[in-house]
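**Q** Here's a sequence, model it:
(one chain, ligands or ions: 2)
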Amino acid sequence: MTKLLPLAWLAAALAACAETEEDPPSTIVNAVDVPIDGLSRADIERFNRGDAKFGLPFRAVDGLGPLYIRSSCSACHAEAGRGPGLVQKMVAVEDDGVTPKTDQSELAFGSTIRQGLAAGATTPLAPPDGVQVRVTIRLGPPVIGRGYLEAIADEEIERVEAEQARRGDAIHGRIHRVTFASVPNPDKSFSDFAQGQTGIIGRFGMKARVATLDDFTADAFQGDMGLTTPMRPTELRNPDGLTDDQREGIDLTMEHVDIVAFYLRHIAIPRRVGLTGKGRALFERARCAVCHVPALHTRADYPITQIANVDAEVYTDLLLHDMGESLADGVSDGDAGGREWKTAPLIGLRFYTSFLHDGRAKSVAEAILAHDGQGRTAADAFRALSPDDRAALVAFVEAL
Ligand code: HEC
Ligand code: HEC
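**A** Ligands and ions are numbered 1, 2, ... in the order given. Down below sits the predicted model:
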């Protein structure tokens, strides 16, 4: 009998496994990229097609390259989450090895390293010989809940910026005003920016350098994968001087960009369970909520009605903050400086195992303690909490 017991246990365990496989426990809680509630069957199908395109690896014959970093979106945003793929950035530095030079013209092709070669390219975009550079990484950040970020009303972001400007402490975030770089999407329902239009509120990218999700999608296809689209019709400049790849002309259609943007726009903020009043109070008291603003209102005319005119619980202010020397990468993005970062939205943190732009923090507590610059007082407040309170605050953040 005793010998049978382990077998019986095994059988029961196997049965339990089979059960969970057939009938996954709430997909709402456990899946990372679920669509927002209330979509029609047709929209869910479109969402799934966009999801598939997000995971699709491209080949040289599809127009990959001449230079690229990875061959699919999901290589850097697995399950729409963080990494494992990453982007390496470089900055020309002074002899001390850290201070960025004011003149970055030695980096003739910009700050992004691109090692992947296709379509006859022979020279990767790497730190040039004889130039002292500092290389840092950016892990592909999570892309869930980004439709909400796009939907937030400009006036809300401006209001928070103005409120922070009046604060007596050091927390003063600023809007990253950017230029619309793309050929406009013929579909004007989400935005109507003209190419070259300035002063637009940047929302996407770790330094908030892009305003809209279709623009970011086109930017990612072009910059990370060497795939041109009607919004970004030309290949980026490269050391070999190549202007096209194996697929002549524009590589992807507008529909392709639109359906990937559709997918991104419709990913829900995962349902939050187990948030405690105590955790929330500590989140306020430690000033986390000043930058990680719990909710911002979305505009009433956002085309996705389910997320229009709601308080979106995004836990970001979408503002740039000087986060000090220890988090700085020295890389400027548009008007954003080397020490500035957009407040990371705290969305779905339970799905991740590394935190901050380069993934250096292996826990939420480590991420909090690494806050420097404008975030220093919050890290200090966290440090000063009792172990119980610290645990309650971490549990709150992990449940976001
Ligand atoms: C080589 C890795 C890599 C690939 C491939 C990649 N991304 Fe990213 N993605 C990143 C990194 C790194 C960032 C942060 C970029 C920045 O700071 O400007 C980012 C940022 C984003 C953001 C902004 C998130 C936010 O809230 O700031 C979106 C949206 C996004 N990517 C979508 C895509 C899509 C769509 C594709 C495929 C067309 C793609 N990415 C391909 C690495 C990648
Ligand atoms: C001055 C604004 C500011 C304050 C105050 C602040 N944060 Fe942050 N937080 C940021 C910025 C900016 C980042 C992104 C930094 C980076 O990636 O290097 C960030 C990143 C994070 C991350 C990592 C998220 C991720 O996806 O990797 C966590 C967790 C976090 N903050 C929690 C907190 C908590 C908890 C508090 C309060 C104790 C707090 N923050 C206070 C601005 C702030």
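
**Q** now the helices for the stretch 201-350 of the chain?
**A** Assigned by DSSP state H, counting those that start in this stretch, the helices in the stretch 201-350 of the chain fall at 213-225, 254-265, 277-285, 288-291.

**Q** Of these, which stretch is the most buried?
**A** Comparing the helices of the stretch 201-350 of the chain by mean neighbour count (mean count of other Cβ atoms under 10 Å), helix 213-225 comes out on top with a mean of 24. The way it works is simple: take the backbone N, C-alpha and C, and place the C-beta from them, glycine included.

**Q** is that one anywhere near ligand 1?
**A** Yes - using Cβ under 6 Å from any ligand atom, helix 213-225 reaches ligand 1 at 213, 216, 217, 220, 221, 224, 225.

**Q** quick one, what contacts the first one?
**A** Under the criterion of Cβ atoms under 8 Å, 6 or more residues apart in numbering, the contact partners of residue 213 comprise 146, 147, 150, 190, 204, 261, 264, 265.

**Q** one more time with 10 Å, if that's ok
**A** Residue 213 sits next to 143, 146-147, 149-150, 190-191, 203-204, 257, 260-265 when contact means Cβ atoms under 10 Å, 6 or more residues apart in numbering.

**Q** do the same with the fifth one
**A** For residue 221, the set of contacting residues under the criterion of Cβ under 10 Å, 6+ apart consists of 58, 63, 68, 73, 227-229, 231-232, 251-252, 256-257, 260.

**Q** what does the third one give?
**A** Contacts here follow Cβ under 10 Å, 6+ apart; on that basis residue 217 touches 50, 53-54, 73, 185, 204, 210, 229, 231-232, 252, 256-264.

**Q** mind redoing it with 7 Å?
**A** By Cβ atoms under 7 Å, 6 or more residues apart in numbering, the contact list for residue 217 reads 257, 260, 261, 264.

**Q** For residue 342, name its beta-bridge partners.
**A** residue 320 (DSSP bridges).

**Q** Measure how buried it is and give me the count.
**A** Neighbour count for residue 342, taken as other Cβ atoms under 10 Å: 27.

**Q** Which pLDDT value belongs to it?
**A** Per-residue confidence at residue 342 stands at 98 (pLDDT).

**Q** Contacts only, for it.
**A** 206, 207, 208, 318, 319, 320.

**Q** Contact partners for the fourth one?
**A** Same thing as residue 318. The contact partners of residue 318, by Cβ under 7 Å, 6+ apart, come to 149, 152, 157, 203, 208, 342, 343.

**Q** For the second one, which non-adjacent residue is closest in space?
**A** Of all residues not flanking residue 152 in the chain, residue 296 sits nearest, at 4.7 Å (Cβ to Cβ, 6 or more residues apart in numbering).

**Q** what about that neighbour, distance to residue 324?
**A** Using Cβ to Cβ, to the nearest Å, one gets 25 Å for the distance from residue 296 to residue 324.

**Q** Of those two, which one has the most company?
**A** A side-by-side neighbour count of residue 296 and residue 324, using other Cβ under 10 Å, places residue 296 first with 23 against 16.

**Q** was I right about the more buried one contacting residue 156?
**A** Yes - counting by Cβ atoms under 7 Å, residue 156 is a contact partner of residue 296 at 4.6 Å.

**Q** quick one on the thing from earlier: against ligand 1, which of the contacts of residue 217 make the cut? List them.
**A** Okay, of the contacts of residue 217 touching ligand 1 (Cβ under 6 Å from any ligand atom), that's 260, 264.

**Q** Just want the residue of the stretch 51-200 of the chain that's nearest ligand 2.
**A** Closest to ligand 2 within the stretch 51-200 of the chain is residue 171: 4.8 Å, counting by Cβ to the nearest ligand atom.

**Q** which ones are touching that residue?
**A** 164, 287, 290, 291, 374.

**Q** tell me the phi and psi of the residue lying closest to residue 356 once chain neighbours are set aside?
**A** Spatially, and ignoring its direct neighbours in sequence, residue 356 is nearest to residue 367 (5.4 Å; Cβ to Cβ, 6+ apart). The phi and psi values for residue 367, taken as degrees, to the nearest 10, are phi -60, psi -40.

**Q** Can you give me the separation between residue 367 and residue 36?
**A** For residue 367, the distance to residue 36 - Cβ to Cβ - is 27 Å.

**Q** more neighbours, the two?
**A** residue 367 (22 against 18).

**Q** dump the residue contacts of the more buried one.
**A** The contact partners of residue 367, taken as Cβ under 7 Å, 6+ apart, are 355, 356, 361.

**Q** now do 10 Å
**A** For residue 367, the contact set (Cβ under 10 Å, 6+ apart) comprises 344, 346, 349, 352, 354-356, 359-361, 379, 394, 397.

**Q** Any chance of a markdown table for those, columns secondary structure, distance to residue 306 and neighbour count?
**A** Converted to a markdown table, the contacts of residue 367 look like this (DSSP: H, G, I helix; E, B strand; the rest coil; distance: Cβ to Cβ, whole Å; neighbours: other Cβ atoms under 10 Å):
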| residue | secondary structure | distance to residue 306 | neighbour count |
| --- | --- | --- | --- |
| 344 | coil | 24 | 18 |
| 346 | coil | 21 | 23 |
| 349 | helix | 23 | 20 |
| 352 | coil | 25 | 19 |
| 354 | coil | 31 | 16 |
| 355 | strand | 29 | 23 |
| 356 | coil | 31 | 19 |
| 359 | coil | 32 | 20 |
| 360 | coil | 36 | 15 |
| 361 | strand | 33 | 17 |
| 379 | helix | 36 | 18 |
| 394 | helix | 31 | 20 |
| 397 | helix | 26 | 23 |
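
**Q** Tell me which ones among these also neighbour ligand 2, please.
**A** Okay, of the contacts of residue 367 touching ligand 2 (Cβ under 6 Å from any ligand atom), that's 344, 346, 355, 356, 397.

**Q** Retrieve the pLDDT associated with the last one.
**A** The predicted structure scores residue 397 at 98 on the pLDDT scale.
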